[in-house]
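Undergrad: for reference, the sequence and a predicted model appear below.
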Amino acid sequence: MGATTEVTAKDGDRRLGRRALLVGGAAAALGTAVLAREELSRLWWRLPGVDKPRVAGVVDFRGARWVAASPANYRRADRPADYPVDRVVIHVTQGGYASAVKVFQDPAHGAAAHYIVRGDGRVTQLIRELDVAFHAGNREYNERSVGIEHEGFVEKADSFTDAMYASSARLTAAICGRYGIPVDREHVIGHVEVPGTDHTDPGPHWDWDRYLRLVRRSG
């Protein structure tokens with residue numbers, strides 16, 4: 001979870017993106033109604049006063065608890081229509097569950113993940129998978145991934161309980177199945193592997209072989 005205060009500055013996610021501007025310019029230049037309709041169908045909710053419908057409290061992973069992150073810590077989107085989802089990023093909170101929820105609900109924090117998995121295996125969803133969470137410290141990875149935090153500390157092997165591994169594996173299996181993501185180390189990665197970040201999570205005690213076996217079994 002660490003190094004999150006710089007995420008929004010790196011991502012530039014609080015202004016209308018270059019993609020949207022290019023879409024508008026291309027539609028005008030080409031004068032093609034088909035192109036305009038296609039892109040406007042993705043971008044209409046970005047207009048002032050327009051809010052894409054969401055159902056309050058509905059989660060993407062069955063059994064998860066919904067606790068909303070601050071809207072300042074993610075960008076509304078329509079994934080995978082806007083951006084293909086092809087990664088799962090594994091994080092560690094470097095703290096307890098309650099403190100992680102608290103900072104993700106703080107608009108000044110500038111970051112949040114889609115999910116948190118507690119030590120007892122309980123899953124909390126804070127951001128819909130439709131939306132771009134500011135969790136990876138890299139705009140492209142944010143747009144194309146789902147971020148999962150795990151309660152605990154990278155330096156403490158006992159943070160990663162059997163219940164946590166099993167529950168997180170079911171969650172990752174569901175995400176991979178939903179978007180057709182291969183269950184391998186190229187597509188299920190640690191925060192440490194995201195380009196341009198200085199994080200070390202999930203750290204040396206995270207058992208990747210065990211985890212991927214559980215994900216495949218759950219899938």
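TA: Now that the structure is in, tell me what you want to look at.

Undergrad: in this structure, where is pLDDT below threshold?
TA: Counting by pLDDT under 70, the chain shows low-confidence ranges at 1-52.

Undergrad: what's the helix of greatest length in the chain packed up against?
TA: Scanning the chain for the helix with the most residues, using DSSP state H, yields helix 162-179. The criterion is 3 or more C-beta pairs under 8 Å, 6 or more residues apart in numbering; DSSP states H and E, and the helices and strands that helix 162-179 contacts are strand 87-90, strand 115-117, strand 123-125, strand 145-150, helix 208-218. Quick note: C-beta positions are derived from backbone N, CA and C, even for glycine.

Undergrad: tell me the angle of the longest one relative to helix 162-179?
TA: Looking back up the chat, that one is helix 208-218. Using axes from the mean of the first three to the mean of the last three C-alpha atoms, to 10 degrees, one finds that helix 208-218 and helix 162-179 are set 60 degrees apart in direction.

Undergrad: can I get the longest helix of the chain as CSV, trimmed to CA atoms?
TA: Once side chains and other backbone atoms are set aside, the C-alpha atoms of helix 162-179 remain, and they are given as CSV (Å, rounded to 0.1, in the frame of the first residue of the first chain):
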residue,chain,number,x,y,z
ASP,A,162,-4.3,-20.1,5.6
ALA,A,163,-7.7,-18.3,5.6
MET,A,164,-6.2,-15.3,3.8
TYR,A,165,-4.5,-17.4,1.1
ALA,A,166,-7.7,-19.4,0.5
SER,A,167,-10.0,-16.4,0.4
SER,A,168,-7.7,-14.2,-1.7
ALA,A,169,-7.2,-17.1,-4.2
ARG,A,170,-10.9,-17.5,-4.7
LEU,A,171,-11.1,-13.7,-5.3
THR,A,172,-8.3,-13.7,-7.8
ALA,A,173,-9.7,-16.8,-9.5
ALA,A,174,-13.1,-15.0,-9.9
ILE,A,175,-11.4,-11.9,-11.3
CYS,A,176,-9.2,-13.9,-13.8
GLY,A,177,-12.3,-15.9,-14.9
ARG,A,178,-14.3,-12.7,-15.4
TYR,A,179,-11.8,-11.1,-17.7
